[in-house]
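*Asks:* below are the sequence and a predicted model for it; my questions follow.
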Amino acid sequence: MSKKQVNVAVGVVEHHNQILICKRSAEQHQGGLWEFPGGKIEQDESVFDALKRELKEEVDITIQSATPLITIDHDYGDKCVSLKVLLVQDFIGEAKGLEGQPLCWVDKQQLSTYEFPEANKQIIAAILK
Ligand SMILES: Nc1nc2c([nH]c(=O)n2[C@H]2C[C@H](O)[C@@H](COP(=O)(O)OP(=O)(O)OP(=O)(O)O)O2)c(=O)[nH]1
Ligand SMILES: [Mg+2]
């Protein structure tokens, strides 16, 4: 049986040359690792609308616009994901971890020193390009 692919909207939120990262909780898929905030795209939802909803729910910011950065299809073995990554430079509000997750702003050059899920290597490469 072929594995179901999960479509995910991911936000690379940039402010003053720093990027927002959050820590996934231990119980989640790829738990305990850092991530760019985001989540699953619902049926009939655009990538932008999904990201707007997820960033409000997870980190309390309202995004005004976003541009496509990269799409990464990755097979974790237990789950296949298609990460639709958008760059967000235009948002309102101050980021806070609404789900109790640790959150921090990191210089782009420091991103590679944090532990992310495997698929994120390509996202970080795209950010640094
Ligand atoms: N949000 C996010 N997910 C990522 C990243 N890298 C990566 O491999 N993923 C994977 C992990 C998950 O399998 C999937 C995202 O699902 P999610 O757990 O954020 O979805 P969600 O917010 O709707 O949350 P949930 O309530 O279902 O846990 O994508 C990333 O940088 N950010
Ligand atoms: Mg999420």
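*Replies:* Structure's in. What do you need? Numbers count the residues shown, from 1 in each chain. Ligands and ions are numbered 1, 2, ... in the order given.
*Asks:* all strands of this structure, in order?
*Replies:* Secondary structure of the chain (DSSP state E): strands at 5-15, 18-23, 34-35, 38-40, 62-75, 80-92, 103-107.
*Asks:* of the ones you listed, which approaches ligand 1 most closely?
*Replies:* strand 38-40 (2.4 Å; Cβ to the nearest ligand atom). For glycine as for every other residue, the C-beta is placed from the backbone atoms N, C-alpha and C.
*Asks:* can you give me the buried ones in the closest one?
*Replies:* Neighbour counts over strand 38-40 (16 or more other Cβ atoms under 10 Å) mark Gly38, Gly39 as buried.
*Asks:* dump the strands of the chain to TSV, plus mean pLDDT and distance to Asp49.
*Replies:* Below are the strands of the chain laid out as TSV (pLDDT from 0 to 100; distance: least, Cβ to Cβ, whole Å):
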stretch	mean pLDDT	distance to Asp49
strand 5-15	98	8
strand 18-23	98	19
strand 34-35	98	20
strand 38-40	98	12
strand 62-75	98	10
strand 80-92	98	11
strand 103-107	98	22
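*Asks:* format the ones you listed as a markdown table; extra columns: distance to Pro117.
*Replies:* Shown next, in a markdown table, are the strands of the chain (distance: least, Cβ to Cβ, whole Å):
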| stretch | distance to Pro117 |
| --- | --- |
| strand 5-15 | 11 |
| strand 18-23 | 12 |
| strand 34-35 | 7 |
| strand 38-40 | 12 |
| strand 62-75 | 8 |
| strand 80-92 | 9 |
| strand 103-107 | 16 |
